[in-house]
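**Q** One predicted model, sequence on top.
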Amino acid sequence: MNMPLHYSISVVIPTYCRLDSLQQTLAGLSCQTKIPNETIVVVRKTDEATQHWLLSQERTEENWKIKLKMVFVQQPGQVAALNAGLECVRTEIVAFTDDDAVPHIDWLEKIAEQFLANPNVGAVGGRDCLYQQGYVLTGRKKTIGEIAWYGRIIGNHHCGSGEARFVWHLKGVNMSFRTSLLRQIGFDTRLRGQGAQYRNDMAACLAVRKAGFCILYDPSIQVDHHPGTRYDSDQRNKFNFFAVQDASHNEMV
């Protein structure tokens, strides 16, 4: 079988009421060593400020260096936004990040390299350099993206180091898939929640493994992650009964 010399790549960014940080995300994409073939921003219809700003931009290579495409979604929740963006992808690889993250300059180049080098890999992700109060969290972990035999889910994607390795699951702020494979799987619409919809990234990754493909985590594939405000019941560092109930349901699924 002849191996391809390169891959075409799209980036999908779900966004909701974070225009300032979304602009930083797009600026980071426009500086990539491998410019995305298309950048799809999925906007909720109630988020008028973001819509107006995107419509005001001159979508030319001279200004942004990226081809912007706006997709509308009516239903709340990240799963609907991810599936809406995926439906519009016309490239071989699709990468996902959040509107509160800025990819490092070689993000897409390194993603493409891993897919080219590993035909048995269905998904590729990396480290999110996680910021709290202006400082990046430090620490190094060897165990990344695993599920222990007794059921404990281990993340640690923000503090991975060393060589690339195979894992069970990736983190949604920094993950990519072979488009044809992800289209067969989709993001699980059984998951509950009005916003982030906890574990939608893990559900997609487990389905990739079930389809017979490997998942690769490379800590040199990085994005700067500045967790933004959430506009639903699932607030960071704040208890909400309904958010916990949704998260428990999603983990069981």
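**A** Great, that's in hand.
**Q** Show me the helices in the protein, by range?
**A** For the chain, helices defined by DSSP state H occupy the ranges 19-30, 48-56, 78-87, 107-117, 179-185, 200-210, 241-252.
**Q** And the contacts of the fourth one?
**A** The contact list for helix 107-117 (C-beta atoms under 8 Å, 6 or more residues apart in numbering) reads 3-4, 6-7, 9, 11, 28, 32-36, 93, 95, 121, 124, 126, 164, 176, 178, 216, 218, 220-223. Backbone N, C-alpha and C define where each C-beta goes, glycine included.
**Q** Which of those fall in strands?
**A** Counting by DSSP state E, the contacts of helix 107-117 place 9, 11, 93, 95, 121, 124, 126, 176, 178, 216, 218, 220-223 in strands.
**Q** Nearest to residue 151 among those?
**A** Set against residue 151, the nearest of the ones in strands among the contacts of helix 107-117 by C-beta to C-beta is residue 216 (23.6 Å).
**Q** Show me what the closest one bridges to in the sheet.
**A** residue 124, residue 166 (DSSP bridges).
**Q** Report the contact partners of it.
**A** Going by C-beta under 8 Å, 6+ apart, residue 216 touches 114, 118, 121, 123-125, 164-167.
**Q** Give the PyMOL command for selecting the buried subset of those residues.
**A** A single PyMOL command is used to select the members of the contacts of residue 216 judged buried by 16 or more other C-beta atoms under 10 Å:
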select buried, resi 114+121+123+124+125+164+167
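**Q** Name the nearest of the contacts of residue 216 relative to residue 133.
**A** Nearest to residue 133 among the contacts of residue 216, with distances taken as C-beta to C-beta, is residue 125, at 25.3 Å.
**Q** which residues touch the closest residue in space to the closest one that isn't next to it in sequence?
**A** Among residues not flanking residue 125 along the chain, residue 170 sits closest, at 3.3 Å (C-beta to C-beta, 6 or more residues apart in numbering). Contacts for residue 170 (C-beta under 8 Å, 6+ apart) come out as 123-125, 145, 157, 201, 205, 215, 217.
**Q** export the residues you listed to TSV and tack on pLDDT and distance to residue 69?
**A** Shown next, in TSV, are those (pLDDT from 0 to 100; distance: C-beta to C-beta, whole Å):
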residue	pLDDT	distance to residue 69
123	98	23
124	98	23
125	98	23
145	94	30
157	95	28
201	90	22
205	96	25
215	98	27
217	98	28
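**Q** Quickly name whichever of the residues you listed is closest to residue 71.
**A** Distances from residue 71 to those, taken by C-beta to C-beta, are shortest for residue 201, at 19.4 Å.
**Q** gap between that closest one and residue 33?
**A** Between residue 201 and residue 33 the computed distance is 25 Å (C-beta to C-beta, to the nearest Å).
**Q** what about those two, which has more around it?
**A** Set residue 201 next to residue 33 and count neighbours by other C-beta atoms under 10 Å: residue 201 wins out with 25 against 11.
**Q** Could you report the neighbour count for the nearest residue to that one once chain neighbours are set aside?
**A** The shortest distance from residue 201 to any non-neighbouring residue, by C-beta to C-beta, 6+ apart, is to residue 172 (3.7 Å). When neighbours are counted by other C-beta under 10 Å, residue 172 registers 25.
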